[in-house]
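Asker: Take a look and give me a structure for this.
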Amino acid sequence: MEKRDPFKYFKTSPEIIRLAVMMYVRFPLSLRNVEDLLHERGIDVSHESVRFWWNRFGPKFASEIRRCRIQRMRAWSNWQWHLDEVFVKINGETHYMWRAVDHEGEVLDAFVSKRRDRKAALK
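Answerer: Here you go, the predicted model:
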(Lines give C-alpha, C1' and ligand atoms only; values in the text may rest on other atoms or scores of the structure.)
Protein backbone atom coordinates (compact mmCIF):
# COMPACT_ATOMS: atom_id res chain seq x y z
CA MET A 1 0.00 0.00 0.00
CA GLU A 2 1.39 3.39 -0.97
CA LYS A 3 1.73 6.15 1.57
CA ARG A 4 -0.06 9.35 0.65
CA ASP A 5 2.10 12.37 0.01
CA PRO A 6 1.14 14.96 2.68
CA PHE A 7 2.63 17.78 0.57
CA LYS A 8 0.64 16.88 -2.57
CA TYR A 9 -1.55 19.97 -2.89
CA PHE A 10 0.98 22.57 -1.70
CA LYS A 11 2.75 24.87 -4.15
CA THR A 12 5.69 25.37 -1.78
CA SER A 13 8.36 22.68 -1.76
CA PRO A 14 8.45 20.22 1.16
CA GLU A 15 11.99 21.34 2.05
CA ILE A 16 10.83 24.92 2.65
CA ILE A 17 7.83 23.77 4.67
CA ARG A 18 10.04 21.53 6.81
CA LEU A 19 12.58 24.35 7.29
CA ALA A 20 9.92 26.85 8.38
CA VAL A 21 8.25 24.45 10.81
CA MET A 22 11.53 23.26 12.30
CA MET A 23 12.76 26.85 12.74
CA TYR A 24 9.56 27.73 14.58
CA VAL A 25 9.65 24.63 16.77
CA ARG A 26 13.38 24.35 17.45
CA PHE A 27 14.18 27.98 18.27
CA PRO A 28 12.23 30.46 20.43
CA LEU A 29 11.00 32.46 17.45
CA SER A 30 7.65 34.01 16.69
CA LEU A 31 5.86 33.36 13.43
CA ARG A 32 6.84 36.79 12.17
CA ASN A 33 10.49 36.15 13.07
CA VAL A 34 10.41 32.95 11.01
CA GLU A 35 8.84 34.93 8.16
CA ASP A 36 11.65 37.52 8.37
CA LEU A 37 14.41 34.88 8.47
CA LEU A 38 12.97 33.12 5.44
CA HIS A 39 12.64 36.48 3.64
CA GLU A 40 16.37 37.10 4.25
CA ARG A 41 17.03 33.77 2.53
CA GLY A 42 14.93 34.81 -0.45
CA ILE A 43 11.80 32.86 0.47
CA ASP A 44 8.61 34.94 0.61
CA VAL A 45 5.97 33.32 2.78
CA SER A 46 3.39 34.77 5.12
CA HIS A 47 3.46 34.17 8.86
CA GLU A 48 -0.06 32.74 8.44
CA SER A 49 1.36 30.13 6.07
CA VAL A 50 3.96 29.18 8.66
CA ARG A 51 1.20 28.89 11.29
CA PHE A 52 -0.90 26.70 8.98
CA TRP A 53 2.09 24.48 8.18
CA TRP A 54 2.94 24.19 11.88
CA ASN A 55 -0.61 23.11 12.72
CA ARG A 56 -0.73 20.67 9.82
CA PHE A 57 2.78 19.17 9.78
CA GLY A 58 4.09 19.84 13.30
CA PRO A 59 2.77 16.60 14.85
CA LYS A 60 3.99 14.59 11.86
CA PHE A 61 7.52 15.99 12.13
CA ALA A 62 7.53 15.51 15.91
CA SER A 63 6.56 11.84 15.58
CA GLU A 64 9.31 11.32 12.99
CA ILE A 65 11.87 12.89 15.33
CA ARG A 66 10.69 10.76 18.27
CA ARG A 67 10.76 7.58 16.20
CA CYS A 68 14.32 8.29 14.99
CA ARG A 69 15.46 9.19 18.52
CA ILE A 70 14.07 5.96 19.95
CA GLN A 71 15.73 3.88 17.23
CA ARG A 72 19.07 5.64 17.86
CA MET A 73 18.75 5.20 21.60
CA ARG A 74 17.95 1.50 21.34
CA ALA A 75 21.14 1.08 19.34
CA TRP A 76 23.02 2.88 22.11
CA SER A 77 24.24 0.40 24.76
CA ASN A 78 23.37 2.60 27.77
CA TRP A 79 19.74 3.14 26.81
CA GLN A 80 17.67 2.82 29.98
CA TRP A 81 14.08 3.27 31.00
CA HIS A 82 12.19 3.15 34.26
CA LEU A 83 8.61 2.84 35.41
CA ASP A 84 7.14 5.99 36.92
CA GLU A 85 3.97 6.08 39.03
CA VAL A 86 1.72 9.15 39.10
CA PHE A 87 -1.58 9.68 40.88
CA VAL A 88 -4.24 11.37 38.75
CA LYS A 89 -7.84 12.31 39.42
CA ILE A 90 -10.36 11.42 36.74
CA ASN A 91 -13.95 12.51 37.43
CA GLY A 92 -13.06 12.96 41.11
CA GLU A 93 -11.65 9.43 41.53
CA THR A 94 -7.97 8.71 42.14
CA HIS A 95 -6.35 6.53 39.49
CA TYR A 96 -2.79 5.33 39.04
CA MET A 97 -0.94 6.28 35.89
CA TRP A 98 2.16 4.24 35.16
CA ARG A 99 4.58 5.71 32.63
CA ALA A 100 7.57 4.13 30.94
CA VAL A 101 10.15 6.94 30.84
CA ASP A 102 13.57 6.78 29.17
CA HIS A 103 16.77 8.30 30.55
CA GLU A 104 16.12 11.60 28.71
CA GLY A 105 12.67 12.03 30.24
CA GLU A 106 10.72 11.10 27.11
CA VAL A 107 7.49 9.22 27.89
CA LEU A 108 7.50 5.96 25.94
CA ASP A 109 4.16 4.53 27.05
CA ALA A 110 1.44 5.18 29.64
CA PHE A 111 -1.05 2.95 31.43
CA VAL A 112 -3.93 4.09 33.67
CA SER A 113 -5.66 1.79 36.16
CA LYS A 114 -7.85 2.05 39.24
CA ARG A 115 -5.76 -0.44 41.21
CA ARG A 116 -2.12 -0.15 42.14
CA ASP A 117 -0.67 -3.14 40.27
CA ARG A 118 2.99 -2.83 39.32
CA LYS A 119 3.16 -6.22 37.58
CA ALA A 120 0.28 -5.36 35.26
CA ALA A 121 1.89 -2.03 34.46
CA LEU A 122 5.21 -3.70 33.61
CA LYS A 123 3.46 -6.02 31.15
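
Asker: any idea how far residue 21 is from residue 38?
Answerer: Between residue 21 and residue 38 the computed distance is 11 Å (Cβ to Cβ, to the nearest Å). For every residue, glycine as well, the C-beta is placed using N, CA and C.

Asker: list residues touching both of these two?
Answerer: Common contacts of residue 21 and residue 38, defined by Cβ atoms under 8 Å, 6 or more residues apart in numbering, comprise residue 50.

Asker: who does the residue nearest to residue 84 when sequence neighbours are not counted bridge with?
Answerer: Leaving aside its sequence neighbours, residue 84 sits nearest to residue 99 (Cβ to Cβ, 6 or more residues apart in numbering; 4.5 Å). Taking DSSP bridges as the rule, residue 99 bridges to residue 84, residue 110.

Asker: Where do the domain boundaries of this protein fall?
Answerer: If you go by the TED database, the domain ranges for the chain are 14-75, 81-113.

Asker: Of the ones you listed, which is nearest residue 4?
Answerer: If you check each of the domains of the chain against residue 4 by Cβ to Cβ, domain 14-75 wins as the nearest, at 11.6 Å.

Asker: Rounded mean pLDDT for that closest one, please.
Answerer: Averaged over domain 14-75, pLDDT sits at 87.
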